[in-house]
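Novice: fold the following for me, if possible:
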Amino acid sequence: MPRPKQFLIGIFGLAFLTFLTACATRQAPGTPGSPPLAEREFTGSSAPIDVQLESYVMVQEALAADNFKEALSALTSLTTLADPITQPLVRSVASADDISTMRNRFKPLSEYLAGLELPQGFARAYCPMYDNGSNWVQRDGPVRNPYFGSEMLTCGVVDAAPGAHMDHTPRQGGIVFMAPDSFHHIEGAYPETGVFRLYATDNYREPVDVSDWSGRVVLEEDYDENTDEFIEVLAYDLVPSSDGAYLEASVGEVTAPAEITAKVLFAGMLSTVEDFPEERFDFIFAEYTSATTADASPPPSTVMTGAPSSVALADRIRPPIPELTADIVANLSSLDQELQTLIDRGAFAEIFIPALQAKAFALALNDRSEQLPGRQRDAIRIAVRHLVRASWLLDWYGDLGNRQQVAGAYDIFGSAANEIYRIYAENP
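Specialist: Sure thing, here's the model as predicted:
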């Protein structure tokens, strides 16, 4: 169910203006031309790398908390610890007069440190939305984005190559989504009528004890236009199992296909609701799940690429561009239909490939827009910008498993795609 326009404005807002200028591909850790991680070693003669990183992380955490003064104080300390290679980068950041400039100068320092072999307890993180993709180092745990701070605190992935989607393999035969903190994997299972279970694993797919987590399963809700909120009509509590292995709710007789929404509070990770607000995950079970199938090969994806499984993911999301413009439009239309099918059946974790392929075709149309009359050329460029933004959002929200956000992103995608179809129908 798409949320109303005022909700979408609040979600997408100014934060995604930066997103519009992001590059079409995601950048790997380290700066362009840098040697592989294994070949890059710490060469300083000052404080050990773990001591320098402890001081650096104080800067990162202060920026994530939007605290310019604390970040400046931490930079002063880091300057006294940094080795000759790192020190000029640190001084550049420390000379900033405002937090926006500081964040901009924090990137070269972070890219350098993210390319080193990190000691235990530290992790690389990556944000695809800041300045064409940006890396940083933080403590191992949920994402704390220093480039956006509270504006988009959990935007990014931890300890994963940009563009390489994390392991979404079910451990209980269910459906797996990535939590917004980019650390927890959430798996919903519906093993029998009336029983819903929710499991959690960490960024390395190790089980997480959910004894102090809480939440609800929602089977029915109504939207209140006056308050811009969803009112729960039928909900059941999620209760931790005795060993903390999962949360369970008795939901009555809900036969497959079953649409089940889980609203979960990760209370145990940092202790405050402000740090971890309630998160929403929308599951659609076409049939009952079975843990006995958890280790089996996943069913064939409906994603239409025709590429063998040996083809790298990066190549699968960069489809060949046809010579004829009409064929590009036709491919875009086919991917649009595919996205609708995947969204309708709740296969949110599968939508990233057609979404990013659609982005590639839209950018190809933008490159050929000079062939159109002036007014329609401008209209195509605007539609392409909206479709590219929506494709990134579908990629992001699909991993999170929030149907309302996915639907909202598709509203933007669908409107932009329809405008493209209209223009090319008038200019075959």
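
Novice: how about the strands of the stretch 101-250 of the chain, start to end?
Specialist: Per DSSP state E, counting those that start in this stretch, the stretch 101-250 of the chain carries strands over the ranges 122-127, 134-139, 157-158, 175-178, 185-192, 195-201, 214-224, 229-240, 247-250.

Novice: those strands: which one's closest to residue 349?
Specialist: Proximity of the strands of the stretch 101-250 of the chain to residue 349 was assessed by C-beta to C-beta; the nearest stretch is strand 175-178, lying at 6.4 Å. Using the backbone N, CA and C atoms, a C-beta is placed for each residue, glycine as well.

Novice: what's that closest one packed up against?
Specialist: Under the contact criterion of 3 or more C-beta pairs under 8 Å, 6 or more residues apart in numbering; DSSP states H and E, strand 175-178 touches strand 185-192, strand 279-285, helix 374-400.

Novice: mind putting the ones you listed in TSV, mean neighbour count and distance to residue 82 included?
Specialist: Output for the helices and strands packed on strand 175-178, formatted as TSV (neighbours: other C-beta atoms under 10 Å; distance: least, C-beta to C-beta, whole Å):
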stretch	mean neighbour count	distance to residue 82
strand 185-192	22	36
strand 279-285	22	38
helix 374-400	20	34
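
Novice: save those as CSV, and put in mean pLDDT too.
Specialist: As requested, the helices and strands packed on strand 175-178 are arranged in CSV below (pLDDT from 0 to 100):
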stretch, mean pLDDT
strand 185-192, 93
strand 279-285, 92
helix 374-400, 89
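
Novice: between the strands of the stretch 101-250 of the chain, which gets nearest to residue 67?
Specialist: Among the strands of the stretch 101-250 of the chain, strand 134-139 comes nearest to residue 67, with 15.4 Å by C-beta to C-beta.

Novice: of the helices and strands packed on strand 175-178, which approaches residue 225 most closely?
Specialist: strand 279-285 (19.5 Å).

Novice: what angle sits between that closest one and strand 195-201?
Specialist: Counting by axes from the mean of the first three to the mean of the last three C-alpha atoms, to 10 degrees, strand 279-285 lies at 130 degrees to strand 195-201.

Novice: any residues touching strand 279-285, and which ones?
Specialist: Residues outside strand 279-285 that contact it (C-beta atoms under 8 Å, 6 or more residues apart in numbering): 174-175, 177, 179-180, 186, 188, 190, 198, 256-266, 345-346, 348, 400-404.

Novice: quick one on the thing from earlier: now tabulate the helices and strands packed on strand 175-178 in JSON lines and tack on distance to residue 335.
Specialist: Output for the helices and strands packed on strand 175-178, formatted as JSON lines (distance: least, C-beta to C-beta, whole Å):
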{"stretch": "strand 185-192", "distance to residue 335": "27"}
{"stretch": "strand 279-285", "distance to residue 335": "21"}
{"stretch": "helix 374-400", "distance to residue 335": "10"}
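
Novice: so for residue 87, which of those sits nearest?
Specialist: helix 374-400 (36.0 Å).

Novice: just for the chain, where's the confidence low?
Specialist: Residue ranges of the chain with pLDDT under 70: 1-46, 159-167, 268-276, 292-317.

Novice: outline the domain layout of it.
Specialist: For the chain, the structural domains run 27-158, 175-293, 318-426, going by automatic domain parsing.
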